[in-house]
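**Q** Okay, structure incoming, though there's no sequence with it:
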């Protein structure tokens, strides 16, 4: 894993604080209004100063949120800032396999992220029980991607509100080592295949209770968090045996470790309250409702210093 510390990150650390978090929310405009239809890989879903989120590969894609009114939680707080999930996201149609991503035969519901700075990336998603989730770094289209260790946290969307938290262990460079005891050597078993938190029963498939965490209470509102590096540039996130959906991401430039993550149920307009700003700065950045930094002259609903205003 790339370890180079950028000048910007070094300056942020020297000042004793990380740069401001960026929230990128999926723009559903490129996706069909109903059902699913072919949308090409590379289609951009969200862009912030240092991260671009796009569709990884060709697939049939549609619109779909990851929370509902009846869910136990709908808001994720990362490093003290609350992000309430918007109603719209992206969901693919095809179940990708790990072999697709290491053999050059890529397909399915895979999200791609291009990064310009070192830090930590937090990808929101509906996380399905008994499925495996993967993060890849590098040139996946040419079978040069490497599996990245990550932290998965979430809360079941139903009334049970069971919390799931698991960190997939990596090597000294932060990569997940295929065949290191967490898997069969040909497929990665991660958070979905190994331990039932409701019953405390190890999964017999691996014969060990320490190879990961599964849950029995249904789908999660979840976050997959992992470090990213500017000189690595490209990352991919997907589920195996499931069609992962996502509403977007948060990126904290310069961060050196996973921030505190918690979950809650909030009422009110989604996404607009999710942008972290410096309330004392008259020249604070201006954001649109997708969390993207824009000019103050931009038309439409904008946010500056935590306050919404409409620019006609």
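**A** Sure thing, it's come through. Everything numeric here is computed off the predicted structure, so don't read it as measured data. Numbers count the residues shown, from 1 in each chain.
**Q** Find the residue ranges of the stretch 151-300 of the chain scoring beneath the pLDDT cut-off.
**A** Counting by pLDDT under 70, the stretch 151-300 of the chain shows low-confidence ranges at 159-160, 177-217, 241, 268-283, 287-292, 299-300.
**Q** For it, which segments count as strands?
**A** Assigned by DSSP state E, counting those that start in this stretch, the strands in the stretch 151-300 of the chain fall at 151-156, 163-167, 195-196, 201-202, 220-228, 234-240, 245-253, 261-264, 286-288, 293-294, 300-304.
**Q** would you list the ones you listed in a markdown table and tack on mean neighbour count and distance to residue 110?
**A** For every residue, glycine as well, the C-beta is placed using N, CA and C. Converted to a markdown table, the strands of the stretch 151-300 of the chain look like this (neighbours: other Cβ atoms under 10 Å; distance: least, Cβ to Cβ, whole Å):
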| stretch | mean neighbour count | distance to residue 110 |
| --- | --- | --- |
| strand 151-156 | 24 | 17 |
| strand 163-167 | 17 | 21 |
| strand 195-196 | 18 | 26 |
| strand 201-202 | 14 | 30 |
| strand 220-228 | 25 | 13 |
| strand 234-240 | 24 | 4 |
| strand 245-253 | 27 | 11 |
| strand 261-264 | 17 | 23 |
| strand 286-288 | 21 | 26 |
| strand 293-294 | 16 | 27 |
| strand 300-304 | 17 | 31 |
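**Q** Please name whichever of those strands is nearest to residue 46.
**A** Residue 46 lies closest to strand 245-253 among the strands of the stretch 151-300 of the chain, at 5.3 Å (Cβ to Cβ).
**Q** sorry, back to before: in TSV: the strands of the stretch 151-300 of the chain, plus distance to residue 127.
**A** Below are those laid out as TSV (distance: least, Cβ to Cβ, whole Å):
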stretch	distance to residue 127
strand 151-156	5
strand 163-167	8
strand 195-196	15
strand 201-202	20
strand 220-228	3
strand 234-240	8
strand 245-253	10
strand 261-264	12
strand 286-288	27
strand 293-294	29
strand 300-304	28
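**Q** Not counting sequence-adjacent ones, nearest residue to residue 68?
**A** With Cβ to Cβ, 6 or more residues apart in numbering as the criterion, residue 68 has its nearest non-adjacent residue at 7.3 Å, and that residue is residue 157.
**Q** wait, the one you found sits on residue 218?
**A** Yes - between residue 157 and residue 218 there is a contact under Cβ atoms under 8 Å: 6.3 Å.
**Q** And these two? Which one has more around it.
**A** A side-by-side neighbour count of residue 157 and residue 218, using other Cβ atoms under 10 Å, places residue 157 first with 23 against 13.
**Q** Sweet, I'm off.
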